[in-house]
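> I'd like to go over a predicted model; first the sequence, then the structure.
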Amino acid sequence: MTDKLGWIDRRRLLQLLGAGGGAIAAGLPSRVFAQARKNTLVLGIDISDTITLDPARLAQYTSPMTVSAAYDSLVTMKPGEYIKLAPSLATKWERTPDGKGWRFTLRDGVKFSTGNVMTAEDVKWSFDRVINLGDQPSQYIAHVDRVEIVDKSTIDIILKQPTEPLLTIIAAPEFVVLERKVAEANGASAAKDAKTADKAAQWINSNSCGTGAYRITAWERNQQIQLARNDHYWGGKPPYERIVIRHISDGAAQLLAVRRGDIDAAFNLIPEQIAALKSEPTVRLAPLASLDFVYMALTQEPEFNKALAVKEARQAIGYAIDYDGIVKSMLGGAALRPAHFLPIGVSGSTEEIARQIGFKQDLAKAKELLAKAGLKDGFEFEIAYGNAAVQGVTYQDLGLKIQSDVARVGIKVNLRPVDQVNLRTEYTTGKSRGGVLTFWNPPAVENQLWAAAVVQRVAKRVHWTPPDDIVKLVSQAATEPDPKKQADLWVEWQKKVVDQANHFILFQPVYQIAVRNAVKEFPLTAAGWMLDLHGVTPAG
Amino acid sequence: MSRYILSRLVLAVVMALLATLVIFLLANTVPGDPVLAQLGDLAASNKEFVAEWRAKWGLDLPLWQRYVIFLQQLFHGDLGISISSQRPVLQDIRDFAPATLELASIAFVLSLVVGIPLGIMAAVRRDSWIDHLARLISLIGVSSPTFWLAFIMLALFYGGLQIAPGPGRIDAIALPPTSVTGLYLIDSALAGDWDTFRDAAAHLVLPSIVLAAATLGLITRTTRASMLESMQQDYVRVARAKGIRERRIVIGHILPNALIPVVTLGGLAYANLLTGAVLTETIFSWPGLGRYTFRSAVTLDFPAIMGITLIVAVVYLVINLLIDISYALLDPRVVR
């Protein structure tokens, strides 16, 4: 039968199959962009969580980087320095004469990207908008009573509780200055009814009206954010004409792209991918010491687990976990470990302090504590975790590691994988029946935000009612004016919460960002916006 | 014929609404709380804030009332506001659908253009090297996991050989063409911007091959089997006995009869490509509906989930309708 079908010959077949091959040939990368690439910085990062670029509505992880490039706050934090503040739009700050707030002297001659001069009016309006919009950022400054204009270059921020911390919080990109005229022309409102009156969301998501080094020109969702140089920037001429924050969700694809030079930096690489870059001459690795926590929370509700209700039993778990093993072998050393919810680098938290007062593996001590708790033969508890990974280490792997560690002192762990949203629902409503492996990324660099949360909402989730002295210690430490005394108070607070053994910090990630050598300065920061985009410079 | 189409259309509308009801009920049985999927830690622990937030999104209403509201909005052509993107669902879908449509269509055409001829040749030259090759191609296509194939293609042609562009719809520093249809190929052609056209076309090559792979395998196999079956029919024997040229027998007699199952499969495969490209879209950072659907599902974004369900249901129903109509055209016996 085949003989009769001479009309399909080999040549024709190859032509047909060649349709696919021809398409690849058309896929040769176009060279037309080579010139533009020199003046453009391209970052490869998973920005699928970015849902708004409105400073007053920020709540996500990656969006602050973009916002901090387009807008400035009154004060800021230099990379690596999270205790002392640095000037930005304000050059000087001090307590108001009556001690009820803070007084800021505004920098002279700061211009918005439109070329108009920034005024005290713009500053007040911007704060009013955050407060009146009532979105998440308003909660961080819930203790702000009002903002007052003193004269054309001085403003006061008056507090309801004058001792509560303010400066560290308003350094975050949620509290930046917008050009009132432009924002209002595009629907923004700072009035009391801003919640319903503000219609700027659409405009502000693909434009900006700030004083930052770059201005936002476009945002194509799940694709890229485009920024262009602000020629009126008060800090000198920004080195790049354009910045593209390119959404690349997959780490392996980021690796290929940074190798090829299609992107200048890759943000979401896992340890194996980072190892693959070690021999790459054109790419270097820059560490980003975050202020995030990966931790295990343990309930102490006796109805859920009788053994976990006993403090010594929980402490035994704390002494059985091999923290060094987690940091060294699972994360290749790319992590720190604080004693409790005060990340290494803030007041009262250094690596040395953490070593002295935090849990460390000590199996003899763990067994001793079990005996003391009347649980010589061990006990059982469950660990729930979501389907996610931090720095390429999945919660599942962490769970397995802890399971095998505590087994050495006779404690049995049942692992329970749960969908991420359900896990959070269970955990935050206090329904977790054992341990929970999870993550915490704080909104602003302020000890009080962490510590107050630990004794309030985080304590509730594990059914712990903190004694008054621990609660008091938080406000005492937060309002202590002397830095040295303050650090000591924070150490004391950590000792108490470590002893309570409801939360075990497993590690504080140090992310590895791959940066091409075509980029010279690349100031990564743990302060919440990841990268000081205005400080990024090209090499040569 | 027109009456047939009309009755099918009415049925389609009813089916689409039923689909939304089922999804609505299913989505609400999930124990997770959308508040916790959407809000930050501090906000989620503030009772007032949460209550206000629930009221804003209508999450405090009884289930039936929420569904009635959804239906009411629907009759006004409104799919509601997505909780996580805080934009109208319709606008989200309008933004993300073109990327998927462009990719899925190219992939579909690719799998037809390669799959059908390959299947035909495999059948007419049964057990020859072409048949073996076709079998190999469809085996690889059907059995290789999408994410694996996607990554291998990317590593080989982008990372290794460097002849294909990387992830995304266009070059990292290129600006997308002015949006008319949202389809980059058409938009750039309309603007006469051939650099962007080339760039967009090049970016389509790898993901569309990956996406086409599984469909291509199915279409090849089905075409082959169906062709073989038709070849055994009496009318083929008669035609051959009459001395008609073999080429005419294949194209004029066997093919039309063999194509009916291929049309069914092809239609469903296209619907599948349009809605099931999550993995390909993830690895190629393709800003399409697949990614949007996935994110909406994991964040319990009810309005978005409902909107997508409706769209997907409509796509399936329309394609099914087209399949049925094409049956009628291919084989008049279907409509009696």
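Thanks, I have the structure now.

> Please state the backbone phi and psi of the closest residue to A:P97 other than its chain neighbours?
Excluding the flanking residues, the one nearest A:P97 by C-beta to C-beta, 6 or more residues apart in numbering or on different chains is A:R103, at 8.0 Å. Yep, even glycine has a C-beta here, placed from its N, CA and C like the rest. Main-chain torsions, A:R103, degrees, to the nearest 10: phi -110, psi 130.

> Can you read off the pLDDT for A:R103?
A:R103 is assigned a pLDDT of 96 by the prediction.

> That one touches A:D156, doesn't it?
Yes: counting by C-beta atoms under 8 Å, A:D156 is a contact partner of A:R103 at 5.2 Å.

> which residues are common contacts for these two?
A:T96, A:V150 (C-beta atoms under 8 Å, 6 or more residues apart in numbering or on different chains).

> before we move on, the earlier item: so who does the residue nearest to A:P97 touch?
A:W93, A:E94, A:R95, A:T96, A:P97, A:V150, A:T154, A:I155, A:D156.

> now do 7 Å
Going by C-beta atoms under 7 Å, 6 or more residues apart in numbering or on different chains, A:R103 touches A:W93, A:E94, A:T96, A:V150, A:T154, A:D156.

> Which of these has the largest number of neighbours?
Of all those, A:D156 has the most neighbours under the rule other C-beta atoms under 10 Å in any protein chain shown, reaching 20 neighbours.

> ok so that one is a strand residue?
Yes: counting by DSSP: H, G, I helix; E, B strand; the rest coil, A:D156 falls inside a strand.

> Could you give the bridge partners of it?
Here A:D156 sits in beta bridges with A:R103, A:E148, going by DSSP bridges.

> Point out where the chain drops to low pLDDT.
You didn't pick a chain, so chain A it is. A:1-35 (pLDDT under 70).

> sorry, should have said chain B
B:1, B:31-32, B:37, B:40-42, B:276, B:332, B:334-336.

> centroid residue for it?
Against the mean C-alpha coordinate of chain B, by C-alpha atoms, centre = their mean, the closest residue is B:L274 at 1.3 Å.

> From B:S179, how far out is the closest residue to that residue other than its chain neighbours?
Leaving aside its chain neighbours, B:L274 sits nearest to B:A104 (4.6 Å; criterion: C-beta to C-beta, 6+ apart). Remark: distance between B:A104 and B:S179 (C-beta to C-beta, to the nearest Å) = 19 Å.

> which one of the two has more residues nearby?
B:A104 (28 against 13).

> need the contact list for that one.
Contacts of B:A104 (C-beta under 7 Å, 6+ apart): B:L211, B:Y270, B:L273, B:L274, B:A277.

> what secondary structure does it sit in?
Using three-state DSSP, the three-state assignment for B:A104 comes out as helix.

> hang on, the earlier thing: check contacts around the residue nearest to the centre of chain B.
Counting by C-beta under 7 Å, 6+ apart, B:L274 has contacts B:T100, B:L101, B:A104, B:V315.

> out of those residues, who's nearest chain A?
B:T100 (11.4 Å; C-beta to the nearest C-beta).

> How about the contacts made by that closest one?
B:L274, B:A277, B:G288, B:L289, B:G290.

> Just those residues: which are in strands?
Using DSSP state E, no member of the contacts of B:T100 sits in strands.

> Which of the contacts of B:L274 sits closest to B:T299?
Checking the contacts of B:L274 against B:T299 by C-beta to C-beta gives B:T100 as the nearest, at 19.4 Å.

> for that closest one, helix, strand, or coil?
The three-state assignment at B:T100 reads helix, by three-state DSSP.

> what sits against A:Y511?
By C-beta under 7 Å, 6+ apart, the contact list for A:Y511 reads A:L288, A:S290, A:Q391.

> Show me what the first one bridges to in the sheet.
Pointing back at A:L288 there. A:Y511.

> Closest residue of the stretch 401-540 of chain A to chain B?
A:V421 (3.5 Å).

> element containing that residue?
Element membership of A:V421, judged by DSSP states H and E, is helix A:420-428.

> go on, A:V515?
strand A:503-516.

> Distance-wise, check the closest residue to A:F341 other than its chain neighbours relative to B:V114.
Spatial nearest neighbour of A:F341, excluding adjacent residues (C-beta to C-beta, 6+ apart): A:W450 at 4.6 Å. Per C-beta to C-beta, A:W450 is found 58 Å from B:V114.

> and the closest residue to B:A200 other than its chain neighbours, how many neighbours does it have?
Among residues not flanking B:A200 along the chain, B:Y184 sits closest, at 3.8 Å (C-beta to C-beta, 6+ apart). Neighbour count for B:Y184, taken as other C-beta under 10 Å: 24.

> list the contacts for B:Y184?
B:E102, B:R169, B:I170, B:P176, B:P177, B:A200.

> Which residue does the stretch 51-200 of chain B have closest to chain A?
For the stretch 51-200 of chain B, C-beta to the nearest C-beta, closest residue to chain A: B:G159, 4.1 Å.

> does the nearest residue to that residue once chain neighbours are set aside sit in a helix or strand, and which one?
Spatial nearest neighbour of B:G159, chain neighbours left out: A:L256 (4.1 Å); criterion: C-beta to C-beta, 6+ apart. Using DSSP H and E, A:L256 falls within helix A:251-260.

> what inclination does that helix have with respect to strand A:503-516?
Interaxial angle, helix A:251-260 versus strand A:503-516 (axes from the mean of the first three to the mean of the last three C-alpha atoms, to 10 degrees): 30 degrees.

> Quick check on A:E220: phi, psi?
The phi/psi pair for A:E220 (degrees, to the nearest 10) is phi -100, psi 120.

> what pairs with it across the strands?
A:Q224.

> what number of residues lie near it?
For A:E220, the neighbour count with other C-beta under 10 Å is 17.

> gap between it and A:A36?
18 Å.

> and what of A:P417?
46 Å.

> do B:A297 as well
According to C-beta to C-beta, B:A297 and A:A36 sit 38 Å apart.

> centre of the chain versus the strand holding A:V515, how much separation?
With C-alpha atoms, centre = their mean, to the nearest Å as the basis, strand A:503-516 stands 11 Å off its chain's centre.

> ditto for stretch A:371-390
Per C-alpha atoms, centre = their mean, the displacement of stretch A:371-390 from the mean C-alpha position of its chain is 28 Å.

> likewise stretch B:47-60?
35 Å.

> what does that stretch rub up against?
Here stretch B:47-60 has contacts from B:P34, B:V35, B:L39, B:A43, B:A44, B:R66, B:I69, B:I83, using C-beta under 7 Å, 6+ apart.

> One more: stretch A:270-282?
By C-beta under 7 Å, 6+ apart, stretch A:270-282 touches A:251-252, A:255, A:259, A:283, A:285, A:331-332, A:334, A:391-392, A:512, A:514, A:516-517.
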